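**Student:** when you get a sec, could you give me coordinates for this:
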Amino acid sequence: QGSINNSNSNINSNSDNDEPWWSLSSLHQKIATIIATSLPEESLSAVHKSLSEKLSDVESHKSVSISEAIVSARAREAHQSSQSSLSNHPTNNNDSSNNPHFIERQKELEKEMEQRALEKAQERMQLELQAMKEQWKRKEEERIQKEQNEHERELAFERWEINAAKERQTEESADVHQQTPPHHGHHPILGPQIAQLPYKRIHLTPATTLASLPVYEKQRAYRHDRAQVMAKDKKKTLWMGVPGVISLMEDDDGRLSILDGQHRVGMMSLLEEEQRKMRENLESGIANNSTNEELANLDLNNILVEVFFPRQSPSSTNDNDSILASTQKQSEQNDKATIFTEINKAEPIKLLDLPGVATKRTRDMIDRAASHFHDSFPAMFSHSQKCRAPHLNLDNLREALFASEVIAREKMERKGELVRWMERMNEGLRERYNAEKKIVEDDELENGKRVGETALRKARKHDFYLGLESTWLYK
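**Tutor:** Purely as a prediction, here's the structure:
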């Protein structure tokens, strides 16, 4: 709890690091203390203590569930809608600070969204706690079994010392079959297990469960608008069900995280909400059309899931437990990064998002700047990575900022510096394209095409010129 309070005081004292109230960081920081301090009296157990420490970490908001991300996205949409309503009211004069009705409505909105975020975070905590308990139970059973095996080997060695070599060979062969952990049939969170391989397990898991699992912290940021587009497109191909597999990682302590498929999980969460509304309509006597009936039959309770687990390290002794524990934790992180990279090598993931390519500071600065302009000029951003001027694609912009090395070139240290630099670049392009001379006719984009009049009109309409060309990245 102390680390969270210290983190909040640092944020409040540094305006350059301020986050809007609806952001995942703000919502998570407000509820992290509630969750960490709401553990029952038996929280002195090692399982509860481990979970409490992870929830209290100042960076814990970097890994959230899809359900939490959806709450943040809807809070942002509600906030933007409220701001738009205020600006369109002729008597408000855009001054929200002197509008008691707006202030009261804003407080109610924040309170409602914080409550939703708290509910989703508590759902995630219960799942993580259940997973950790299951893993501890499994380890205890393995420890007891190991002790029994060792005792039996000692007795066998005493009775048949002459045949010790043969006995050891037989026991080593038996150990291969004993490495498979118990409880093969059904996982308490992931559901039925349909296959066990040396390096992963296969489960059939409900989409609602997946939505409550945290996402691997080095994953690209969750984009709610992308999940919405995927859900809309999925309604055209409901006949094929949900193809593909969701990839998870199970840490040594039993905690689960989504390595690949976060936006598909978001899509399924949105479709499941529609299914729930349809069931409510049927109970109220409201008929569904043919498309809704097809959606109602979509099976979201048996999603194919693969669960990877870290490589096993040698058993520790009392003298070097702490050293081995630290080494094993680092090994888990390396295994997780390796699996994530392997999965996404054939996917259209950007270089910036691959583990180990960019520093955390660089990626945070780029994410903040790109998200700022994406939220400020939504009409100028396209979902397609092949969009044309004057539009930008969010992931392409992030990758271009990283490739230009502007952060190192301009010696930027604080998150807000990249935002301000891009604002200056936009101002420079505005002056250039709005000059009295029609210099646009002499300017060509790097792809050889002139700046079209339609593109220029839209850029002027929204006062956003960064999508007209890319030369500003290298000035």
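**Student:** what secondary structure does residue 203 sit in?
**Tutor:** Look at residue 203: counting by DSSP: H, G, I helix; E, B strand; the rest coil, its state is strand.
**Student:** that one and residue 189 touch, don't they?
**Tutor:** No: the criterion here is Cβ atoms under 8 Å, and residue 203 misses it with residue 189 at 9.1 Å. For the C-beta atoms, the positions are set from N, CA and C on the backbone; glycine is no exception.
**Student:** between these two, who's got more neighbours?
**Tutor:** residue 203 (22 against 19; other Cβ atoms under 10 Å).
**Student:** next one: that one from residue 335, what distance?
**Tutor:** Here the criterion is Cβ to Cβ, to the nearest Å. By it, residue 203 lies 19 Å from residue 335.
**Student:** ditto for residue 392
**Tutor:** 36 Å.
**Student:** more crowded one of these two?
**Tutor:** residue 392 (22 against 16).
**Student:** look up phi and psi at the more buried one.
**Tutor:** Per-residue torsions, residue 392: phi -120, psi 150 (degrees, to the nearest 10).
**Student:** ok, it - contacts?
**Tutor:** Residues near residue 392 by Cβ atoms under 8 Å, 6 or more residues apart in numbering: 373, 380, 381, 382, 466, 467.
**Student:** output those in TSV, with secondary structure and pLDDT appended to each entry.
**Tutor:** Listed next are those as TSV, based on DSSP: H, G, I helix; E, B strand; the rest coil; pLDDT from 0 to 100:
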residue	secondary structure	pLDDT
373	helix	95
380	helix	95
381	strand	95
382	strand	92
466	coil	95
467	coil	94
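**Student:** show me which of those residues is closest to residue 237.
**Tutor:** Minimum distance to residue 237 across the contacts of residue 392 is 22.3 Å, recorded for residue 382 (Cβ to Cβ).
**Student:** just to check, that closest one is in contact with residue 391?
**Tutor:** Yes: counting by Cβ under 8 Å, residue 391 is a contact partner of residue 382 at 4.4 Å.
**Student:** who's more crowded, these two?
**Tutor:** residue 391 (20 against 15).
**Student:** re earlier: distance to residue 249 for the contacts of residue 392 - can I get that in CSV?
**Tutor:** Converted to CSV, those look like this (distance: Cβ to Cβ, whole Å):
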residue, distance to residue 249
373, 33
380, 37
381, 31
382, 32
466, 37
467, 37
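**Student:** ok, and the most crowded of those?
**Tutor:** residue 467 (25 neighbours).
**Student:** which elements pack onto the longest helix anywhere in the chain?
**Tutor:** As assigned by DSSP state H, the longest helix anywhere in the chain is helix 100-159. If contacts are counted by 3 or more Cβ pairs under 8 Å, 6 or more residues apart in numbering; DSSP states H and E, helix 100-159 sits against helix 24-37, helix 46-56, helix 66-88, helix 164-178, strand 256-260.
**Student:** lowest mean pLDDT across these, which one is that?
**Tutor:** Note on the helices and strands packed on helix 100-159: helix 46-56 shows the lowest mean pLDDT, a mean of 57.
**Student:** now do the longest helix of the chain, average pLDDT.
**Tutor:** Rounded mean pLDDT across helix 100-159 is 80.
**Student:** strand 256-260 and that helix, what's the angle between them?
**Tutor:** With axes from the mean of the first three to the mean of the last three Cα atoms, to 10 degrees defining the directions, helix 100-159 sits at 100 degrees from strand 256-260.
**Student:** so where's the stretch 151-300 of the chain uncertain?
**Tutor:** For the stretch 151-300 of the chain, the stretches flagged by pLDDT under 70 are 156-157, 160, 163-184, 288-291.
**Student:** do that again at 80, thanks
**Tutor:** Counting by pLDDT under 80, the stretch 151-300 of the chain has low-confidence residues at 153-185, 217-221, 285-293.
**Student:** how much space between residue 286 and residue 293?
**Tutor:** 13 Å.
**Student:** one more: residue 253?
**Tutor:** Remark: distance between residue 253 and residue 293 (Cβ to Cβ) = 44 Å.
**Student:** same question for residue 455.
**Tutor:** Counting by Cβ to Cβ, the gap from residue 455 to residue 293 is 43 Å.
**Student:** more neighbours: those two, which one.
**Tutor:** Remark: of residue 455 and residue 293, residue 455 carries more neighbours, 20 against 12, as counted by other Cβ under 10 Å.
**Student:** can you map out the strands along the stretch 151-300 of the chain?
**Tutor:** Using DSSP state E, counting those that start in this stretch, the strands of the stretch 151-300 of the chain run over 186-187, 191-196, 200-205, 246-250, 256-260.
**Student:** tell me what angle the longest helix of the chain forms with helix 66-88.
**Tutor:** 170 degrees.
**Student:** neighbours of residue 274, just the number please.
**Tutor:** Neighbourhood size, residue 274 [other Cβ under 10 Å]: 15.
**Student:** and the gap between it and residue 232?
**Tutor:** 11 Å.
**Student:** kindly report the same for residue 131.
**Tutor:** 33 Å.
**Student:** what does residue 433 give?
**Tutor:** As judged by Cβ to Cβ, residue 433 and residue 232 stand 35 Å apart.
**Student:** who has more neighbours, these two?
**Tutor:** residue 433 (18 against 12).
**Student:** hmm, residue 468 and that one touching each other?
**Tutor:** Yes: under the criterion of Cβ under 8 Å, residue 433 makes contact with residue 468 at 7.0 Å.
**Student:** quick check: neighbours shared by those two?
**Tutor:** Joint contacts of residue 433 and residue 468 (Cβ under 8 Å, 6+ apart) are 451, 456, 459.
**Student:** out of the residues you listed, which is most surrounded?
**Tutor:** Neighbour max across these (other Cβ under 10 Å) = residue 459, 25 neighbours.
**Student:** assign it to helix, strand or coil.
**Tutor:** helix.
**Student:** report the contact partners of it.
**Tutor:** 380, 390, 433, 465, 467, 468.
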